[in-house]
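Asker: Sequence unavailable; structure follows:
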């Protein structure tokens, strides 16, 4: 018998901020969570799985309208017609306190209580599923401690949305430990909440499958679900199956020893071609970060917008590639300290820039000077969001200074050569 374990579907996640990027494939990216769910349903049917476990965060909070719920219901009907049972628990995003809209789901779908841990058995499948959902979003109780004892003669599966012992970037909800999870005596613990796939234990199996579809560059790499096979009353195999429609990728590219921006561009093209070959026809959303000290640094920083446009053109020539962002983190072959030691105009400017970020009084004065400009910026360029500049805050201005330094010095060098 096979079952599928998935979590963190975040159906109809708004993916805020995409509209700020020129050329972003908005329809594809915003429809990706739905298409990934369709892929999940297809996996269950194609593999003749008899059970689907959903470990929370099916949704992304309350629905904008009933279309989200109707879509989910339609996919559950497909599973019902294929003879697939579904058991789910609420996570923090679809806690009882977060979802105000409701739809009656088909009778193959069973939600485990958010009030206390409970068990549902499938005698024909030889399986018992134990679990508890979230009643409130900010749940700090260790649910796993109160999970029922395993049932004799059945394969026992735990279903839990949890931060476990804590993971960076995830709120500490329903925290627990591996020791507590394994002490329950279950054959498999199906976890959710952490968006990276992680196998915490193999005897017994304790698994985070990761989210079904990446939504930003911090959720890079293959996303999908776990296909689990039961044989002889035991877990025989656990396989990750990629189900994502669009894949995020962060490319780190070292420009060291490269003589020109065009040489860098050719190198990045080759890397992107390699990434395209890995994604099997999916849309590829890429953030490229250039680093390293090289002769190409000055040319890149002299006109960053040109090289972003050049790289966008490269991406458009490849199959279904979207350049989300180009991050310039290169360094000149001559350090700013070396430039500052020179007794000329460029040296004095470099020295002043190097000292500026270390002087709180000067930074505060700069914030005052920039305040008028900050107030004139469009709302999407203020604050700490995707493109936010936050020029009203000394810490934010201090973080921007190294980029300003590189941009200014590159242009001054070019002007000095032309004089």
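Answerer: Sure, I can see it. Keep in mind that this is a model prediction, so the values were computed, not measured.

Asker: Just give me how far stretch 53-66 sits from the chain centre.
Answerer: Taking C-alpha atoms, centre = their mean, to the nearest Å, one finds the center of stretch 53-66 at 17 Å from the center of the full chain.

Asker: What residues of that stretch count as buried?
Answerer: 53, 54, 55, 56, 57, 58, 59, 60, 61, 63 (16 or more other C-beta atoms under 10 Å). Quick note: C-beta positions are derived from backbone N, CA and C, even for glycine.

Asker: likewise stretch 97-108?
Answerer: Buried residues in stretch 97-108, counted by 16+ other C-beta under 10 Å: 97, 98, 99, 105, 108.

Asker: of those residues, closest to residue 216?
Answerer: residue 98 (20.8 Å; C-beta to C-beta).

Asker: possible to save the buried residues of stretch 97-108 as CSV with pLDDT, secondary structure and distance to residue 162?
Answerer: CSV is the format used below for the buried residues of stretch 97-108 (pLDDT from 0 to 100; DSSP: H, G, I helix; E, B strand; the rest coil; distance: C-beta to C-beta, whole Å):
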residue, pLDDT, secondary structure, distance to residue 162
97, 75, coil, 18
98, 79, coil, 17
99, 80, coil, 19
105, 94, coil, 24
108, 98, coil, 25
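
Asker: quick one: which of these is nearest residue 308?
Answerer: Distances from residue 308 to the buried residues of stretch 97-108, taken by C-beta to C-beta, are shortest for residue 98, at 38.3 Å.

Asker: The closest one contacts residue 60, doesn't it?
Answerer: No: with contact defined as C-beta atoms under 8 Å, residue 98 does not reach residue 60; the gap is 9.4 Å.

Asker: Can you list the buried residues in the helix or strand encompassing residue 42?
Answerer: Using DSSP states H and E, residue 42 falls within helix 32-46. Within helix 32-46, the residues that count as buried by 16+ other C-beta under 10 Å are 32, 33, 34, 35, 36, 37, 39, 40, 41, 43, 44.

Asker: Could you name the helices and strands sitting against that helix?
Answerer: With contacts defined as 3 or more C-beta pairs under 8 Å, 6 or more residues apart in numbering; DSSP states H and E, helix 32-46 has these neighbours: strand 2-6, helix 67-81, strand 224-231.

Asker: Residue 27: which of these is closest?
Answerer: Closest to residue 27 of those, according to C-beta to C-beta: helix 67-81, at 15.2 Å.

Asker: contacts for whatever helix or strand comes next after that closest one?
Answerer: Next along the chain after helix 67-81, taking DSSP H and E as the criterion, comes strand 85-88. Residues from elsewhere that reach strand 85-88, judged by C-beta atoms under 8 Å, 6 or more residues apart in numbering: 50-56, 58, 76, 79, 108-112, 120, 122, 125, 129, 131, 133, 159.

Asker: Give me the below-cutoff pLDDT ranges for the stretch 51-200 of the chain.
Answerer: For the stretch 51-200 of the chain, no stretch has pLDDT under 70.

Asker: Do me a favour and average the pLDDT over stretch 331-340.
Answerer: Stretch 331-340 shows a mean pLDDT of 63.

Asker: Against residue 24, how distant is the nearest residue to residue 55 once chain neighbours are set aside?
Answerer: Spatial nearest neighbour of residue 55, excluding adjacent residues (C-beta to C-beta, 6 or more residues apart in numbering): residue 192 at 3.0 Å. Relative to residue 24, residue 192 is positioned 28 Å away (C-beta to C-beta, to the nearest Å).

Asker: neighbour count winner among the two?
Answerer: Between residue 192 and residue 24, counting by other C-beta atoms under 10 Å, residue 192 is the more crowded of the two (30 against 18).

Asker: can I assume the more buried one is in contact with residue 10?
Answerer: No: contact between residue 192 and residue 10 fails when scored by C-beta under 8 Å: they sit 10.9 Å apart.

Asker: what do the two both touch?
Answerer: Common contact partners of residue 192 and residue 10 (C-beta under 8 Å, 6+ apart): residue 57.
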